[in-house]
Structures are given as C-alpha cells and as structure tokens.
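# the sequence isn't on hand, but the structure is:
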C-alpha cells in the first residue's frame, strides 16, 4: 500500500478545516487506526530514541544520545490526546512548556511556569522537523504507539473528578 507524504495529508486537513469559521481548528479531523508495533519501529527508524525514552519499552541504545532525554508515557494525571501527540510529532515547536536547560530541584511555582512560558514564546523546539521524510502512516503508527504507553492515574481521594 502506498502512503501519502505528510505534507499532502497536512494540506488536505487544512483545506478541509478552512471552510469552518475557526479555520485552524481540527474538529472532525481523524486519522485511521495505527499499529503499535509499526509505531515502535518508526520510533527507532526515525531515531526518536536518541532524545526520548518510552515507558516500559526496551529500545536500542542510541549511537549518540541527545543532550536532553525526554521520557514519554508512564503514569500521568491526564493522558495526551491524539491531537496533542500528532501535533507534537509534526509541529514540535507549537507547545514548548519548559526551556531546555537544567531542571530545578523543586517543582516550579505557577508564577515561574508563566514566566517560562513567556520565555519560550517564539522559540523553536530542539526537536528537528521530520515532515520532509515522515509518511502519514508513520505519524499514524507513532501516535498509536505513544498513546498506548500512557496510563492515566487518578488521585486516591473520595471526591475527585476530572
């Protein structure tokens, strides 16, 4: 089966959404089901394991590890949505939550987080763009693979709801 280049898929998605008053929203955009194992293979083939580890997944040791190791998956209070994962893959500079520098020993206060968000506005992610080489099928499989590695956990108190 021949897959379309990611640029063609992205252009189609933008065109389909352009008719809506909120032209840049992705409402109604849905990719087909992916394959977890093929997503793991794409993760390695695209050398994502150079800078990322994945919860519960044994990956080959990278030839030259990246400066920052970012852990993906595991126990989280809110699972990354399909759309967030697709966006992180094809537009990593969209949402940089922390500058890539040494992590403070204590969790940052809300004021510090707002300051960091302002600091990173307009900055590019250190993650390179793969859009010129990644296929739509690889995006689909990578998203399925990564989403399968997150486990939502709930605080253990009686009146908790999200």
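Yep, it's here. The shown structure was predicted, so the numbers you read here are calculated from the model rather than taken from an experiment.
# where exactly do the strands run in the chain?
Using DSSP state E, the strands of the chain run over residues 52-54, 70-72, 74-76, 150-152.
# can you list the strands that the last one pairs with?
Right, strand 150-152. strand 74-76 (parallel) (DSSP bridges).
# rewinding a little: TSV for the strands of the chain, including distance to residue 28, mean neighbour count and mean pLDDT?
Using the backbone N, CA and C atoms, a C-beta is placed for each residue, glycine as well. Putting the strands of the chain into TSV (distance: least, C-beta to C-beta, whole Å; neighbours: other C-beta atoms under 10 Å; pLDDT from 0 to 100) gives the following:
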stretch	distance to residue 28	mean neighbour count	mean pLDDT
strand 52-54	29	18	92
strand 70-72	27	13	89
strand 74-76	26	11	88
strand 150-152	24	13	90
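# out of those strands, which gets nearest to residue 134?
For the strands of the chain, the distance to residue 134 is smallest for strand 52-54, at 14.9 Å, taking C-beta to C-beta.
# tell me what the closest one is packed against?
strand 70-72 (3 or more C-beta pairs under 8 Å, 6 or more residues apart in numbering; DSSP states H and E).
# switch the cut-off to 10 Å
Packing contacts for strand 52-54, counted by 3 or more C-beta pairs under 10 Å, 6 or more residues apart in numbering; DSSP states H and E, involve helix 36-45, strand 70-72, helix 136-148.
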